[in-house]
Structure formats: structure tokens, C-alpha cells
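Peer 1: Below: sequence and its predicted model.
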Amino acid sequence: DAVKAEFGRRSIAQLDHYGILGERTLIAHCVWLTDDEIKRVADTGTSIAHCPISNAKLASGVARVPEMLAAGITVGIGTDGPVCNNSLSLFEEMKFASLIQKATRLDATVLPADQILRMATINGARALGLGERTGSLEVGKQADLLLLDLAQPNLTPTEINAAGGNLLWNLVFAADARNVAAVWVDGRQLIANGRATQVSEQTVISEAQQQGLALFQQCRDIAHLRTSMI
């Protein structure tokens, strides 16, 4: 409403007017897109970062992801920031992205595990213009690998068979950060046995705690100053 009142157009139309929509553009959230706006985003090759937990926490609404995907839009999964998400976990984001659509549409078949996993991997890479370099395990791409420990209670039992088994469903609806045993980025191991290899986790946590408390105090001081001025 604010954008339309200021510019005379809705957000997507205004971005289109400026020439911003296109294959090199990634726009976030897109909760209230109309059918025409979804078509325009698709026609221009613009990608969308879907951040369902942030949208829920801020009471923004539920993005029309099935319609976006059906229109051919590349939709990746994002977390947004810690103020409106807190955990910043893509595992949680995958699960919630599927469940919020099932709940609001009363359709348990919408956004199944395989589609959600693509949104969190190859679609995310394509949305960032990196689809030729990463996002899937293929010869010639960067060695970006995530190794999960399946021998944990939350992923038991895991079955892989000719029909597919339950592995994909476990990854989307049961897995979480505690299952991450190792991470490689472009062949460089950043996580080993669930711990960071490049930094001291305890040092980072300690510094974050101190800086966080200092920031909270600074915010309180500013609020107090404004109140005093009034």
C-alpha cells in the first residue's frame, strides 16, 4: 500500500518500471504476488528467495510458492536475518516451507520432500546465478559437500530401496544441524566431526556474547536518551 501510494504502482510493477526484473535479479519474500505479477516475474527470468519462517514470525503471510514453481520461477529457500528467524537453519526452513503450504491449503501432497530439497540446493544456486558451479553433485562442479550422520535417533530408520525409500523425507522433515558430521566447500573441509575447523568456536561464542550484551545496552541507552529528550 505504501509503495502504491508513493509511486502509483505495486512493488513488482515499480521494479519492472525501473528495469530491475531479470535473470540477474533475486527478490525476497514475494508474499502477496498476484497471478499477473507471478507471470511477469516468470517471464523476466527473475528468481525468488522464499523465507517462510521469517514471513510467519512477522505475520507477513504465506507466499504462493506452488503457483510460482508452476509458472517456471526459480524459487530458492532462504532464512532472512536473526531478528526475524533466530535459528537460521535451512533444515528448519525446508520443513516449515512444506508444512505451511500443506496447512494453509489443506493439501498434504503439496511441496513434497524432493521438491523442497531442490529448492534448498540447486534452485538456491540457480537463483544466485551459481547453478553451473554448485548446487548439485556433478562432475565439473565445485566440491561443496554435506555429510550427514544417519545413525541418529531422529533419522532412524532410514531405508533406501528401488522405490526410493524414506531418505528424502527424513532429510526434509526429520534432519537438523546435529546430524551434520562434515562440510566441504570447494573441497576445503570447514566442519569435521560436527565442529568448525577454521575458527575456535568457543572464542567466537564468547566474543558474540560480549558484543551482543554491549549492543543491547547501547540500544537501551539510546531509548533512554530519546525518552529523556521527549
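Peer 2: Perfect, thanks for sending it.
Peer 1: correct me, but residue 148 touches residue 171?
Peer 2: Yes. The pair residue 148 / residue 171 is scored as a contact, 7.5 Å apart, by Cβ atoms under 8 Å. Glycine gets a C-beta too; all of them are placed from N, C-alpha and C.
Peer 1: tally of neighbours for residue 178?
Peer 2: 13 (other Cβ atoms under 10 Å).
Peer 1: how close does the residue lying closest to it once chain neighbours are set aside sit to residue 222?
Peer 2: Spatial nearest neighbour of residue 178, excluding adjacent residues (Cβ to Cβ, 6 or more residues apart in numbering): residue 152 at 6.9 Å. To residue 222, residue 152 is 45 Å away according to Cβ to Cβ, to the nearest Å.
Peer 1: Looking at these two, which one has more neighbours?
Peer 2: residue 152 (15 against 10).
Peer 1: mind checking how far the nearest residue to residue 9 once chain neighbours are set aside is from residue 209?
Peer 2: Closest residue to residue 9 apart from its sequence neighbours, by Cβ to Cβ, 6+ apart: residue 17 at 6.4 Å. Counting by Cβ to Cβ, the separation of residue 17 from residue 209 is 46 Å.
Peer 1: any idea where the strands of the protein begin and end?
Peer 2: Ranges of strands in the chain, per DSSP state E, are 26-28, 47-50, 75-77, 145-148, 180-185, 188-192, 195-196.
Peer 1: burial measure for residue 129, as a count.
Peer 2: By other Cβ under 10 Å, 13 other residues sit near residue 129.
Peer 1: With adjacent residues omitted, what lies nearest to it?
Peer 2: Using Cβ to Cβ, 6+ apart, the closest residue to residue 129 is residue 24 (6.5 Å).
Peer 1: Same check on residue 97?
Peer 2: Nearest to residue 97 is residue 52, by Cβ to Cβ, 6+ apart, at 4.6 Å.
Peer 1: what about the residue lying closest to residue 198 once chain neighbours are set aside, distance to residue 197?
Peer 2: In space, residue 198 comes closest to residue 190 once its chain neighbours are excluded; the distance is 5.9 Å by Cβ to Cβ, 6+ apart. Applying Cβ to Cβ, one obtains 6 Å for the distance of residue 190 from residue 197.
Peer 1: Check residue 19 too.
Peer 2: Distance from residue 19 to residue 197, by Cβ to Cβ: 44 Å.
Peer 1: Tell me the confidence at the closest residue to residue 72 other than its chain neighbours?
Peer 2: Counting by Cβ to Cβ, 6+ apart, residue 72 lies nearest to residue 42, which is 4.9 Å off, once chain neighbours are set aside. Looking at residue 42, its pLDDT reads 98.
Peer 1: do the same with the one 3 residues further on
Peer 2: In this model, residue 45 is scored at 97, pLDDT.
Peer 1: Would you agree it is in contact with residue 23?
Peer 2: Yes. Residue 45 lies in contact with residue 23 (Cβ under 8 Å); the separation is 3.8 Å.
Peer 1: And the helix ranked longest in the chain, what's buried?
Peer 2: Longest helix in the chain, counting residues (DSSP state H): helix 201-229. Neighbour counts over helix 201-229 (16 or more other Cβ atoms under 10 Å) mark no residue as buried.
Peer 1: Alright, calling it a day.
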